[in-house]
Every structure is written in structure tokens, then in C-alpha cells.
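> Structure of the sequence below:
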Amino acid sequence: MNIRTASPDDTPVLQQHDRHISPGELETSVRLGRVYVAEEHGEFAGWLRYNLFWDNTPFMNLLYVLDSHRGKGYGRLLVEYWEDRMRRAGYGTVMTSTQSNECAQHFYERLGYGAVGGFLPPGECYELILTKRL
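Modelled structure (predicted):
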């Protein structure tokens, strides 16, 4: 498995799978180096996309591994890759969030993330805010 920073050439496949961001914002995230792609034998397997919360704290907006590549530890490897890059860039804390009814909260807990609060969007489940010291 290979993890790398997404390039503009990855934009079409990312746009095909990432329905949580507008095409223009996705292109900006790729241009800023804020998207990492996982590949298995050259085949697109998943991605991690982040931004900066409060303009100074890395916040993982999306972690996604395609169904055909799940159960191989790629999600964990993507997060560890991202955390290492953020540590090297001088950040001391990273953040993410997940809905309280999703199993992802347990995944992040195993990776050392802890809940620090949350909010209840109208018509949605409670959104947990998670942080980790690097």
C-alpha cells in the first residue's frame, strides 16, 4: 500500500467518490496539499482530506476507504501518515469529528483520540468533536 499527497491528476477520481465537498473546494484542497491518497498496486483505495480549524489546528474532514479495500488497516495507515505529516509541520494537536451513532468514534478512540465536546445539528445525530495530542 502506498500513501501520497494527491495531485491534480487525482481530482477526477476524488470528485467521483467525494460527494461531501464542491468540485472547486476539492480542487483547492488538492492544490494546497491537504488530500492524501492511498493506493494498492496502483489502484485508488481511499483518501484523507483535511483543513485547518480556527486557521491553526489540522482538522480531518474526511477519511474514506473504498469498500473493496476495507479491513486491511488502510484507514489507520492514512491517519498515521497524516498525523506524522502534521507533527513534522510543527502542529501539537489534531482534530476530527464523527456522528455519535457511527462506529468511527471507536476507531478514533483506538488511535488515541478523545472526545472534547460536540453539537447537535438540526435533524442530525450528535456530532462528537475529537482531538489528539501529537
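> For the spatially closest residue to residue 31 that is not a sequence neighbour, give its distance to residue 115.
Among residues not flanking residue 31 along the chain, residue 8 sits closest, at 7.3 Å (C-beta to C-beta, 6 or more residues apart in numbering). Using the backbone N, CA and C atoms, a C-beta is placed for each residue, glycine as well. According to C-beta to C-beta, to the nearest Å, residue 8 stands 36 Å off from residue 115.
> Quick check on the two: which one has the bigger neighbour count.
A count of neighbours by other C-beta atoms under 10 Å puts residue 115 above the other of residue 8 and residue 115, at 15 against 9.
> I'd guessed the residue nearest to residue 31 sits against residue 29; true?
No - contact criterion C-beta atoms under 8 Å: residue 8 and residue 29 do not qualify, at 11.3 Å.
> Contact partners for residue 45?
Counting by C-beta atoms under 8 Å, 6 or more residues apart in numbering, residue 45 makes contact with 1, 38-39, 65-66, 68-69, 74.
> what's the answer for residue 60, then?
Contacts of residue 60 by C-beta under 8 Å, 6+ apart are 48-50, 79, 82, 94-96.
> cutoff 6 Å now
Going by C-beta atoms under 6 Å, 6 or more residues apart in numbering, residue 60 touches 50, 96.
> which helix of this protein spans the most residues?
In the chain, taking DSSP state H as the definition, the longest helix is helix 74-88.
> what's the next secondary structure element after that helix?
Sequence order places strand 93-99 as the next helix or strand after helix 74-88, per DSSP states H and E.
> then that following strand to PDB, C-alphas only?
In PDB, the C-alpha atoms belonging to strand 93-99 read as follows (Å, rounded to 0.1, in the frame of the first residue of the first chain):
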ATOM      1  CA  THR A  93      -2.800  18.800  18.200                       C
ATOM      2  CA  VAL A  94      -5.100  17.400  15.500                       C
ATOM      3  CA  MET A  95      -8.900  17.200  15.400                       C
ATOM      4  CA  THR A  96     -11.700  15.400  13.700                       C
ATOM      5  CA  SER A  97     -15.400  14.700  14.300                       C
ATOM      6  CA  THR A  98     -17.900  11.900  13.800                       C
ATOM      7  CA  GLN A  99     -21.500  11.300  14.500                       C
END
